[in-house]
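Enquirer: A predicted structure for the sequence below; I have some questions about it.
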Amino acid sequence: MKKIASALLCWVALFAALFAAGPLRRAPGFCLIDTSGEWRDLADYRGKIVLVEFMQTTCPHCASFSTVLNGLKLKYADKLAILAIANPPVDSPQTMAQFVKEHKLTYPLLLDQGQVAYAYVRSPSFDLPGVYLIDANGMIRNSWQNGVLTKDIFEGNGLSREIDKLLAGAPAVKK
């Protein structure tokens, strides 16, 4: 009986994963200003892998994740573009500039007004940080929100492994 129940659970998990996985979708375009006053257009990064992070300067998980992102930028250099995006009312150009300075960001921090975040997340609320991995053709290949099940992405080497797969040309796996 345990084998039947175990097999049934495996099939349920498989079907849930298949139906939860949607088709790849094009990353919504945007052009936002960063803390240095430079405009950053997602289209300018075509041909590179892009990691888009939605964050808040007051979020402790976002602060610790900035260390992971700085390490990824160092490891992958020009093969990876990282764009962090913050939103008012919590964040302003002043709080963002302070965050960049305190955490020695090696990637730009952009100011949104909520439209870009909503276009990606497609929900009025989500857990921070939230990350979208975009391939060189501008397609969202995967996304994660901070939580217990994504600890390896936000604190370990999971994100690096996902980037390595894209660089190696592995097929898309949409979660």
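Expert: Now that the structure is in, tell me what you want to look at. Computed from a predicted structure; not experimentally measured.
Enquirer: and the residue nearest the centre of the chain, what does it touch?
Expert: Within the chain, the residue whose C-alpha comes closest to the C-alpha centroid is V131; the distance, by Cα atoms, centre = their mean, is 1.5 Å. Contact analysis of V131 by Cβ atoms under 8 Å, 6 or more residues apart in numbering lists 51-54, 143-145, 153-154, 159. To be clear about C-beta, it is placed using only N, CA and C from the backbone, and glycine gets the same treatment.
Enquirer: Could you dump the residues you listed into TSV with distance to D78 added?
Expert: Formatted as TSV, the entries for the contacts of V131 read as follows, by distance: Cβ to Cβ, whole Å:
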residue	distance to D78
L51	14
V52	17
E53	18
F54	23
S143	23
W144	24
Q145	28
I153	23
F154	24
L159	18
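Enquirer: Can you lay out those residues as CSV showing secondary structure and pLDDT?
Expert: As requested, the contacts of V131 are arranged in CSV below (DSSP: H, G, I helix; E, B strand; the rest coil; pLDDT from 0 to 100):
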residue, secondary structure, pLDDT
L51, strand, 98
V52, strand, 98
E53, strand, 98
F54, strand, 97
S143, strand, 96
W144, strand, 96
Q145, strand, 95
I153, helix, 96
F154, helix, 96
L159, helix, 97
